[in-house]
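Colleague: output the structure for:
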Amino acid sequence: MKKEVSFLIDNDVYEKFSIALRLTDEDENDAIENCMRTYIARTFERASQEYSPNAGRRASMDEDRDFYGKAIQRIPVWALKPNQYNHKIIRAFFEAEAATGEVTLDTMELLCSKKECSELYVPTFRNNYAQMKIDGPKSHGKVFEDDGEHVWIWKEVEEVLRKHKDSFLR
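Modeller: The predicted model follows:
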């Protein structure tokens with residue numbers, strides 16, 4: 001069963017939403033429903049963590065893990081090498097962010113899947129992107145975090161990455 005809903009939204013937000021729809025060729029209603037589903041999932045996940053008896057234990061385990069922070073040293077190098085996949089994925093992030101104000105994994109993948117656009121084409125996008133979400137001894141270095149749909153820059157590297165943003169967009 002479907003329910004009709006109406007709401008008011010800022011003109012600028014709607015304009016960027018419309019641009020994003022053109023980029024992804026998605027139906028407006030489907031995109032809005034997906035946003036609502038993501039919001040629901042994130043909200044329920046946060047609520048369940050608050051009430052989970054293991055929540056405190058998980059936090060302390062995260063604090064004890066090794067911090068590699070490899071990407072902080074690698075970002076300046078990637079910025080100067082436009083043919084590297086890491087450079088192209090970061091560039092796709094910044095282009096999507098500039099177009100819509102927010103970044104989704106689908107948009108990044110779409111931008112990196114067009115063979116005719118060699119400055120962004122990454123044939124193994126999913127594998128390389130996954131390596132950029134891990135901060136471990138055998139990873140590329142953590143740059144991104146996501147909730148399965150929306151993507152954002154990991155706070156530990158954001159300052160360095162934004163400092164080199166212009167180099168990725170050249």
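Colleague: and the helix or strand containing Glu145, what's buried?
Modeller: In this assignment (DSSP states H and E), Glu145 forms part of strand 144-146. For strand 144-146, the neighbour count (16 or more other C-beta atoms under 10 Å) marks Phe144 as buried. Glycine gets a C-beta too; all of them are placed from N, C-alpha and C.
Colleague: next secondary structure after the helix-or-strand element of the chain with minimal mean pLDDT?
Modeller: In the chain, no helix or strand scores lower on mean pLDDT, DSSP states H and E than helix 55-64, which sits at a mean of 45. Going down the chain from helix 55-64, the next helix or strand is helix 70-79, by DSSP H and E.
Colleague: flag every buried residue along that following helix.
Modeller: The neighbour-count check on helix 70-79 (16+ other C-beta under 10 Å) flags Lys70, Ala71, Ile72, Arg74, Ile75, Trp78, Ala79 as buried.
Colleague: can you give the contact residues for it?
Modeller: Identification of contacts with helix 70-79 by C-beta atoms under 8 Å, 6 or more residues apart in numbering yields 84, 86-87, 90, 132, 135, 139-143, 154, 156-157, 160-161, 164, 167-168.
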